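> Below: sequence and its predicted model.
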Amino acid sequence: MGMLDPLKGFGVTLSTMFKKVATEEYPEVKKVTAPRYHGRHQLNRHPDGLEKCVGCELCAWACPADAIFVEGGDNTDEERYSPGERYGKDYQINYLRCIGCGLCIEACPTRSLTMTNEFELADDDRRRLIYTKEQLLAPLLPGMEAPPHPMRLGENEQDYYVHGPELARRAGVPEGRIVETGTEEAGR
Amino acid sequence: MTTTAVLAQAQQRLSNAELLADDPLWLTLIKVVVLFIVVMLTLALLVWAERRVLGRLQNRPGPNRAGPFGMLQSIADALKLSLKEDIRPARADKWVYIMAPIIGGIPPFLAMAVMPFGGEVTMFGVQTALQVVDLPVGVLVVLACSSVGVYSIVLAGWSSGSPYPLLGALRSAAQVISYEIAMGLSIVGVVLFAGSLSTADIAAAQSGGWFAWILPISFVIYLISMVGETNRAPFDLPEAESELVGGFHTEYTSLKFLMFFLAEYANMVVVSAFATTLFLGGGAVPWPLSAIADNALSSGYWPLLWFGLKTALLIFGFIWARAALPRLRYDQFMKFGWKVLVPLNLVWIVAVTALRVLRNAEGVTSGQRIVIIGVAVAVLVLGSLLLPGRQVADEEPQVPLAGSGYPLPPLDLTVPTPPRQRRTVRARAEQPREAVTASGKEAGDGNA
Amino acid sequence: MGLEEKLPNGILLTTVEKLVNWSRKTSMWPATFGLACCAIEMMTTGGSRYDIARFGMERFSATPRQADLMIVAGRVSNKMAPVLRQIYDQMPEPRWVLSMGVCASSGGMFNNYAIVQGVDHVVPVDIYLPGCPPRPEMLLDAILKLHAKVMDEPLGPARAALKAERGERTELIPSSVRYAPRGAGK
């Protein structure tokens, strides 16, 4: 503690004036979050475009905020959305409840549900913030076809689940690329 | 710099008062209008500049979206505020509530009229000075205007009919009274040296050396007290957000708040311009440039530039202080005003006066002067040694401590009964009697 | 609101409307109303790294009388709801409400007796911001979307009726897309 301590603050502030500002120019420069950032959800697809979601509702049960609603449906040979017996007929996430904890991601047995890094979700209508299956589904990459269509990569769902990556390589996904198709992947 | 020298100089050149004496009315009107517009523009620029500079002092850019460099920010603020709904609280005193911001808005503009921006110029063929009016008591006019400004705050706080504004107003009244004494005392030294209360004369008297160098303590005390006078951070206690919500302007919205907003910034400009006049030589050109062409840069319209620059520098000091210092606690603030600034100022004035008397006295050799000064200093030092030292407060805790280290209430603590409970206790004590009478009445009824 | 309701409907009005809306957008002073963890993010937004002052919003006014935007940052308990409403009532028109975070927007994970299930039960909300808590960029994004809404706001009842008749709605584009530097975009 010296006599001039009260005056030191003046020096600190003045020297700050000639430094580069610490501010992020957010709206002009897009913010790149950490890769693990818990942003908006995404329902992934198999490499042929079939949905990974099997409508098991484990995500809905895991959700501490009751933000997820899932209704399963039966696949038929004529109308097939996912490789197995069941598929997610209706899938909704209420972003006004979702706390982004990621428990649903941990609960998902097929790695159908993952999180993207997108965060600009604000809206002026409550209803528009309940995201439906169409909004949550991953975009179609080249080589994918929108369901319903028959299984293209294997005889049964076991092929999809057990040999997924190999099937993907065979279907034309290049080596080193992840099979899960995020929005970012689609944009590249 | 002696009074005779000032007089000699005044004889060479016409003083501002003499120049302004035969101004035609239209010229005065033009000056008034130009001054008003310039001050208003300065205010708009100042609000923006403050936010930008404050931003840079805090390592961030500050408002930069509205217009070039965000310069239209204050225009947007003013437009938005004037288009907001105007709310008058139901418990407010209507006329006083409306009058308060108006009273606050006028004095700073009045005070600007006596500021000597510069000396002799020829304006539209008329020989005049860069000043609206030069009063023989100009300094007092500025002081009076800043005091009248306090009325606006006090009336606003009182008329709002709400506790926070009232507290803010009380604080403001106490604050301005305390700091105006310090401010007035720091002006005394200047007046002693200049030998005049006219602002133009004071500015002219500094041609031999600015009073900031001659009277450094007065200057520093003036700088501190001018921050207190304008209710700016770190002395913004009347509007301390963490304590008083908004202080005196808590209940004000829309245009009326805009008036307070403008008045605060206008007051900043006034006290800074006043400091320029009193201590920084008014419109005189600063030292290295004054050597150019025999002080040519101090004549004509040039003083406007120097005056403006000096004022801007002082205003930057305001913003700097706001960024660097936290708000003071109220009691510390008052203690600082009364126990440091005022006594220091009084001692300083006595010292300055004594020095001047010594200097002007005839038949005193320089050796004698040194002896007298030495004796005075020795007396002061001895006197300060004789002063009782600061008493250390008793270290004994007021609340007995248990082993855990947490404060515990004393064992003989008696909890007073709260008033409502007291009433019920009394009522209960009276109840049996009531019950008896009631039952007696009932019995009587039964009999009837 | 104020003066503009007395204005007739005319040609000049759209320009005036733009100017007025611009001023309201440019100097939108938020009310200090932090309730819980979201308030920490709100304060961060005011700090050097995110600097809400760039949008002329650094004057967080402690008194609701001088505020334009109430950022409800955090969960609103049933006991806080009347206070919130009172503060909203004390704000002068025009005023906006930003419901920050899931707790303020819908109760979030606190679906229980103590928490108001969405602050829109108490005050009209102009923009909802999901997240728990939303990161400062999300708050900036919500504020910028609100600015876009303010810019489209009709001046006076006549124009409001016209707008309602046409069923116009402000399109809320993500801010990083909307404000992406021209030429650098894909």
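Thanks, I have it.
> Could you pick out the residues of chain B near chain A for me?
Neighbours of chain A within chain B, by Cβ under 8 Å from any Cβ of the partner chain: B:53, B:55-61, B:320-321, B:323-325. In short, each C-beta sits where N, CA and C put it, glycine included.
> Now the buried members of these.
With neighbours counted by 16 or more other Cβ atoms under 10 Å in any protein chain shown, the residues of chain B next to chain A contain buried members at B:53, B:55-61, B:320-321, B:323-325.
> Need the max-distance pair from those residues.
With distances taken as Cβ to Cβ, the most widely separated pair in these is B:Pro61 and B:Leu325, at 22.3 Å.
> which residues touch whatever residue of chain B ends up closest to chain A?
With Cβ to the nearest Cβ, the shortest gap between chain B and chain A falls at B:Ala324, namely 3.9 Å. Residues near B:Ala324 by Cβ atoms under 8 Å, 6 or more residues apart in numbering or on different chains: A:9-10, A:12-13, B:57.
> Name the nearest residue to it, sequence neighbours excluded.
Taking Cβ to Cβ, 6 or more residues apart in numbering or on different chains, and ignoring the residues beside it in sequence, B:Ala324 has A:Gly9 as its nearest neighbour in space, at 3.9 Å.
> Check what pLDDT residue 26 gets.
In the absence of a named chain, chain A is used. On pLDDT, A:Tyr26 comes in at 82.
> oops, chain C please
Reading off the per-residue confidence, C:Thr26 sits at a pLDDT of 88.
> My understanding was that it contacts B:Met71; is that so?
No: under the contact definition of Cβ atoms under 8 Å, C:Thr26 does not touch B:Met71, with a separation of 11.6 Å.
> Show me which of these two is the more surrounded one.
Each of C:Thr26 and B:Met71 has its neighbours counted (other Cβ atoms under 10 Å in any protein chain shown); C:Thr26 has more, 24 against 16.
> picking that back up, give me the phi and psi for the residue nearest to B:Ala324.
Backbone geometry at A:Gly9, expressed as degrees, to the nearest 10, gives phi -60, psi -30.
> just A:Glu118 next, same as before
Dihedral angles of A:Glu118 (phi, psi; degrees, to the nearest 10) stand at phi -80, psi 130.
> Now do it against A:Gly39, distance only.
Separation of A:Glu118 from A:Gly39 (Cβ to Cβ, to the nearest Å) stands at 5 Å.
> what separates the strand or helix carrying B:Ile202 from the chain centre, distance-wise?
B:Ile202 belongs to helix B:199-204 when assigned by DSSP states H and E. In this view, helix B:199-204 has its centroid 22 Å away from the chain centroid, taken as Cα atoms, centre = their mean, to the nearest Å.
> And for stretch B:348-363?
Going by Cα atoms, centre = their mean, the spacing between the C-alpha centre of stretch B:348-363 and its chain's C-alpha centre is 30 Å.
> Go ahead and confirm A:Asp124 touches C:Asp126.
Yes: taking contact to mean Cβ under 8 Å, the distance of 6.1 Å between A:Asp124 and C:Asp126 places them in contact.
> who touches both of those two?
Taking Cβ under 8 Å, 6+ apart as the contact definition, A:Asp124 and C:Asp126 share the neighbouring residues C:Lys149.
> Can you pull out the low-pLDDT segments for chain A?
A:1-2, A:164-165, A:168, A:171-188 (pLDDT under 70).
> Show me which residues of it sit near chain B.
Where proximity means Cβ under 8 Å from any Cβ, the interface of chain A facing chain B comprises A:6, A:9-10, A:12-14, A:16-17, A:19, A:21-23.
> Would you check which pair of those residues lies furthest apart?
A:Pro6 and A:Thr23 (28.4 Å).
> More neighbours: those two, which one.
Counting neighbours by other Cβ under 10 Å for A:Pro6 and for A:Thr23 shows that A:Thr23 has the greater number, 19 against 10.
> Can you give me the distance of that one to A:Val29?
A:Thr23 sits at a distance of 11 Å from A:Val29 (criterion: Cβ to Cβ).
> what do you get for B:Thr414?
Relative to A:Val29, B:Thr414 is positioned 67 Å away (Cβ to Cβ).
> Of the two, which one has the most company?
For B:Thr414 versus A:Val29, neighbours defined as other Cβ under 10 Å are more numerous around A:Val29 (13 against 6).
> What's the first helix or strand after the lowest-mean-pLDDT helix or strand in chain B?
Lowest on mean pLDDT, DSSP states H and E among the helices and strands of chain B sits helix B:3-12, with a mean of 52. Beyond helix B:3-12 on the C-terminal side, the first helix or strand identified by DSSP H and E is helix B:16-21.
> Name the next helix or strand downstream of that next one, please.
Helices and strands here follow DSSP H and E; after helix B:16-21, the next one along the chain is helix B:25-57.
> Report the buried residues of that following helix.
If you call a residue buried by 16+ other Cβ under 10 Å, then helix B:25-57 has these buried ones: B:27, B:31, B:35, B:39, B:42-44, B:46-57.
> Is chain C within reach of the helix or strand just after it?
Beyond helix B:25-57 on the C-terminal side, the first helix or strand identified by DSSP H and E is helix B:73-82. Yes: contact between helix B:73-82 and chain C, assessed by Cβ under 8 Å from any Cβ, occurs at B:73, B:75-77, B:79-81.
> Can you say which helix or strand has A:Gly72 in it?
Here A:Gly72 sits within strand A:68-74, counting by DSSP H and E.
> quick one, phi psi at C:Arg75?
Backbone dihedrals for C:Arg75, given as degrees, to the nearest 10, come out at phi -70, psi 140.
> and if you look at C:Ser61?
Dihedral pair for C:Ser61: phi -90, psi 130, per degrees, to the nearest 10.
> what about the residue lying closest to B:Val271 once chain neighbours are set aside, helix or strand, and which?
Take B:Val271 and drop its neighbours on the chain: the residue closest to it by Cβ to Cβ, 6+ apart is B:Met226, 4.1 Å away. In the assignment (DSSP H and E), B:Met226 maps to helix B:216-229.
> And the average pLDDT for whichever helix or strand comes after that helix is what?
Note on helix B:216-229: by DSSP H and E, the next helix or strand toward the C-terminus is helix B:241-244. Throughout helix B:241-244, pLDDT has a mean value of 77.
> which parts of helix B:241-244 are buried?
Taking 16+ other Cβ under 10 Å as the neighbour-count basis, helix B:241-244 is seen to contain the buried residues B:241, B:243-244.
> Can you tell me which helices and strands it packs against?
helix B:163-194 (3 or more Cβ pairs under 8 Å, 6 or more residues apart in numbering or on different chains; DSSP states H and E).
> quick one: the helix it packs on to helix B:216-229, angle?
160 degrees (axes from the mean of the first three to the mean of the last three Cα atoms, to 10 degrees).
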